[in-house]
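# sharing a model prediction with you, sequence too.
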Amino acid sequence: MIPTSLDQLLARSSTLLLQGPMGPFFWRLRNTLVDHGQQVHKVNFNAGDDHFYDGPGVTHFRDPASAWGDCLDELLQRHAVDAVVLFGQNRWMHETAIQRARARQVDVFVFEEGYVRPDYVTLELGGVNAESRIPRDPQFYRDWVPQVIPAPRPTRQQFSVVADISMTYAWAERHGRKAYPHYKHHRDLGPVSEGLRWVRGGYRKWKNHFAEAAMLPYLSAPDQHKRYFLVPLQVYNDSQIRCYSPYDHVAGFIEHVMDSFAAHAPQDKLLVLKHHPLDRPYNDYRQLIERLADQHGIAGRVHYLHDQHLPTLLQHAAGVVTVNSTTGLQSLYHRTPVITLGDSVYDVPGLVHTGELADFWQDPGTVDVDLFHRYRAYLVWETQLNASFYGETPGLPSYTETSRRWAASKGKPSAPAQAATWPSSTLPTLK
């Protein structure tokens, strides 16, 4: 299936690719665009970019950041660009690019991790997450006629591949710094430290597997069903926290949630905080959580988990508290109520709890299942590409592939009816 956003991108004639995710994904995208007759140009900002994309049409930006805006204007004009494509809308070069492109009425297409997991990535025209153009009016989805949405094909993303790409990118960036003397990455990319972090992450995964072996049976037992609130943590450098929430960092979110839980949650409820798997190499919040639990006298009611089966946790949770993680959408799939404490793409009245966190502990409410299925179907139809940045990309079509518009014309079952046919492979797992 080709989402509407990719249909729109394929209709352009001259595309400028900026910084993409680590790895070969933007090179594969480039090949798809060229197959569809486009002129494709690329800007690389460091030697890590060069390692995974170094072919025809590449501009190597080696100047100070202050020169980037004028360089971009010249590229847009010289190549008659009618589409700019990027990953990470809040990176410094992309914030400038979005402003300059819009001033020239050039469309910007933004990639991000999938709203729906696994086997999808997000592509939107204009912006993602809080900047998304996805409607927030619940009536829109109640009136929308759902389309046929086939199950995605597996993308086979693996932890070992992600780690290898990350370390390879870091090594290439480090060894090519003389060629890009002014570049500053949005996080530390020291190759030795980056490699050691991923080794540490692998050790923590192994260690937690044994240390937490009893936790999933405990939390999924009948006595704990709907007794605990789940708090899925986001990665430490997630721009959705820095730019679209009241928190400066994940630790601030943890403190707020635990303070509120201690003050307002019923005494028989538990709080379960789950670490983000991709943050495993970088952070561990155990000391902070234990200190706050002792401070509030709730140590026996708080659990900190790592690599547990997320769908099972969601099925048994009384509710989910998140900043704006896409785990919230996974929770709604399992009919578990959600409250978002930041701006999110699924902050639709009737879909998530719109009251205060203090009230959510007492009465999280219920999920409007029909509204959710309609919302999810629209989200996939418009924005979800069957691909992985670090695995396979079955959703990147060849020129001869039949548009999914034609396939959809053969039948339009309701979204709730379609939901019954979604295979287990489409159930969201780890973010």
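Everything's here; your move.
# do I have it right that G20 meets Y53?
Yes - contact criterion Cβ atoms under 8 Å: G20 and Y53 qualify, at 7.4 Å. C-beta: built from backbone N, CA, C; applies to glycine.
# shared neighbours of the two, anything?
Among the neighbours of G20, those also in contact with Y53 (Cβ atoms under 8 Å, 6 or more residues apart in numbering) are F26.
# which SSE is F111 in?
Taking DSSP states H and E as the definition, F111 sits inside strand 107-113.
# need the contact partners of that strand.
So strand 107-113 is contacted by 5, 8-9, 12, 20-21, 82-89, 97-98, 101-102, 121-129, 131, 326, 389, 431 (Cβ under 8 Å, 6+ apart).
# can you give me the strands for this protein?
Using DSSP state E, the strands of the chain run over 14-17, 39-44, 58-60, 83-87, 107-113, 121-125, 228-232, 270-274, 302-305, 319-322, 338-340, 384-385.
# would you mark the buried spots in the third one?
For strand 58-60, the buried set under the neighbour-count rule, 16 or more other Cβ atoms under 10 Å, comprises 59-60.
# just checking: what are the partner strands of that strand?
strand 39-44 (parallel) (DSSP bridges).
# tilt between the partner strand and strand 83-87?
40 degrees (axes from the mean of the first three to the mean of the last three Cα atoms, to 10 degrees).
# how far out from the middle of the chain is strand 39-44?
How far strand 39-44 lies from its chain's middle: 24 Å, per Cα atoms, centre = their mean, to the nearest Å.
# what is the rounded mean pLDDT of that strand?
For strand 39-44, mean pLDDT is 98.
# buried ones in it?
39-44.
# could you report the pLDDT at P150?
92.
# how close does it get to S160?
29 Å (Cβ to Cβ, to the nearest Å).
# between the two, which has more neighbouring residues?
P150 (13 against 9; other Cβ atoms under 10 Å).
# how far away is G202 from D307?
11 Å.
# which residues do these two both contact?
By Cβ under 8 Å, 6+ apart, no residue touches both G202 and D307.
# and the helices in the stretch 301-431 of the chain?
310-316, 327-333, 357-362, 369-383, 404-408, 415-419 (DSSP state H, counting those that start in this stretch).
# any idea which of those is most buried?
Ranked by average neighbour count under the criterion mean count of other Cβ atoms under 10 Å, those are headed by helix 327-333 at a mean of 25.
# where does the protein have low pLDDT?
188-192, 399-431 (pLDDT under 70).
# what sits opposite the spatially most central residue of it in the beta ladder?
By Cα atoms, centre = their mean, the chain has its centre lying nearest to E113, at 3.3 Å. With DSSP bridges applied, E113 shows beta-bridge pairing to V121.
# run through who's touching stretch 210-225.
By Cβ under 8 Å, 6+ apart, stretch 210-225 touches 228, 270, 272, 303, 305-309, 312-313, 315-316.
# what is the end-to-end distance of it?
Terminal residues of stretch 210-225 are spaced 23 Å apart (Cα to Cα, to the nearest Å).
# chain center to that stretch: distance?
Using Cα atoms, centre = their mean, the offset of stretch 210-225 from its chain centre is 27 Å.
# flag every buried residue along that stretch.
212, 215-216, 219, 224.
# now, those residues that are in helices?
Per DSSP state H, helices hold the following members of the buried residues of stretch 210-225: 215-216, 219.
# mind checking how far N283 is from P277?
12 Å.
# now swap in M215 and tell me
Distance from M215 to P277, by Cβ to Cβ: 15 Å.
# now swap in F261 and tell me
23 Å.
# so these two - more neighbours on which side?
Between F261 and P277, counting by other Cβ under 10 Å, F261 is the more crowded of the two (24 against 18).
# pipe the buried residues of strand 39-44 into JSON lines and attach distance to S344 per row.
Shown next, in JSON lines, are those (distance: Cβ to Cβ, whole Å):
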{"residue": "Q39", "distance to S344": "36"}
{"residue": "V40", "distance to S344": "32"}
{"residue": "H41", "distance to S344": "33"}
{"residue": "K42", "distance to S344": "31"}
{"residue": "V43", "distance to S344": "30"}
{"residue": "N44", "distance to S344": "32"}
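# return the member of those residues nearest to F372.
Among the buried residues of strand 39-44, V40 lies closest to F372 (Cβ to Cβ), at 37.5 Å.
# I98 and Q89 touch, don't they?
Yes - assessed by Cβ under 8 Å, I98 is found in contact with Q89 at 6.6 Å.
# joint contacts of the two?
G127.
# now distance to L75 too, for the helices of the stretch 301-431 of the chain, in JSON lines please.
Shown next, in JSON lines, are these (distance: least, Cβ to Cβ, whole Å):
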{"stretch": "helix 310-316", "distance to L75": "42"}
{"stretch": "helix 327-333", "distance to L75": "36"}
{"stretch": "helix 357-362", "distance to L75": "46"}
{"stretch": "helix 369-383", "distance to L75": "27"}
{"stretch": "helix 404-408", "distance to L75": "32"}
{"stretch": "helix 415-419", "distance to L75": "42"}
